[in-house]
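Visitor: With the sequence up front, the predicted model follows.
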Amino acid sequence: MLLNADVGESFGVWSMGRDAEVMPWVDQANIACGFHASDPLTMQKTVQLALQFDVSIGAHPAYPDLLGFGRRSLSVSDAECRALIQYQVGALQAICRAEGGQVDYVKPHGALYNDMMANPALLEQVMAAVSALNQHSDTPLALMLLSRPDNQPAQQMAQQFDLPLIFEAFADRAYTADGQLMSRQQSGAVYHQPEQILAQARSLAHTRQVQTPQGMLSLQADTLCVHGDNPESVLTLQAIYQALRS
């Protein structure tokens, strides 16, 4: 199982996350594209950092919500959804090309991510947006999305678009019984104890299971996310990285 983190989420003089500490210990970097966080210079610096450590680069597009850090749901049309994703991914692709790298996958951020996992119609539009970017590319983008107890519906939808999928689980987030992430508005939704984060990472890596309030839940995931803006998660990154390889 690979390890990924959300990075590049600073904005101008406001610093978010600890990207320089995170990057040596992850396999995949989900880089913010300007709609929920980041700016052109931050994107460029984060791409350079990912290339320095040979980390796979993913675009991390969001609803246009800088004030709410992309964690508020917005009502967008199908056409707007596709365009806002392509706009953000395209910006990161341009910076990557200038730096001698490439974008390998797309992972929506925050409310857009949660909304697409709860709404098949929105997920279809996200897939359509990424698929369209692949039409004239020799290196097709994959879509990273939440692993659920049954990944087959997402896989079947992706087949219609000839779109590769990457399924992820979370080391530092609480789960509901149906495999969704617990809302951040609920107490305990984000883990802050390094021991708890590491224990969940080990469970997902070695048994493919995660604890929920209703019991253990099986998840088939390709990659494990640790949030770069969660200081406690960063403290355990090296231990998680090693645990995934043991």
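Guide: Looks like it came in fine.
Visitor: Please count neighbours and contacts with C-alpha atoms only from this point.
Guide: Fine.
Visitor: which residues of the protein fall in helices?
Guide: 19-22, 40-52, 78-99, 110-118, 120-134, 152-161, 194-206, 231-235, 237-243 (DSSP state H).
Visitor: and the angle from the longest one to helix 110-118?
Guide: Between the axes of helix 78-99 and helix 110-118, defined by axes from the mean of the first three to the mean of the last three Cα atoms, to 10 degrees, the angle is 120 degrees.
Visitor: Pull the number of nearby residues for the nearest residue to A37 once chain neighbours are set aside.
Guide: Closest residue to A37 apart from its sequence neighbours, by Cα to Cα, 6 or more residues apart in numbering: E9 at 4.9 Å. Residues lying near E9 (other Cα atoms under 10 Å) number 28.
Visitor: which residues does A91 contact?
Guide: Residues near A91 by Cα atoms under 8 Å, 6 or more residues apart in numbering: C33.
Visitor: pLDDT value on it, please?
Guide: Predicted confidence (pLDDT) at A91: the value is 98.
Visitor: if I look at it, how far off is S77?
Guide: A91 is 21 Å from S77, where distance means Cα to Cα, to the nearest Å.
Visitor: Over to Q238?
Guide: Counting by Cα to Cα - Q238 and S77 are separated by 41 Å.
Visitor: Report the contact partners of the one residue sitting closest to the centre of the chain.
Guide: For the chain, the residue nearest the mean C-alpha position is K107 (4.4 Å; Cα atoms, centre = their mean). K107 sits next to 30, 58-61, 113, 143-145 when contact means Cα under 8 Å, 6+ apart.
Visitor: TSV please, covering the residues you listed and showing pLDDT.
Guide: Listed next are these as TSV, based on pLDDT from 0 to 100:
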residue	pLDDT
N30	98
G58	98
A59	98
H60	98
P61	98
Y113	96
L143	98
M144	98
L145	97
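Visitor: Can you lay out these as TSV showing neighbour count and distance to P24?
Guide: Compiled in TSV, these are given as follows (neighbours: other Cα atoms under 10 Å; distance: Cα to Cα, whole Å):
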residue	neighbour count	distance to P24
N30	29	14
G58	31	16
A59	28	19
H60	30	19
P61	29	23
Y113	24	25
L143	22	23
M144	22	21
L145	23	23
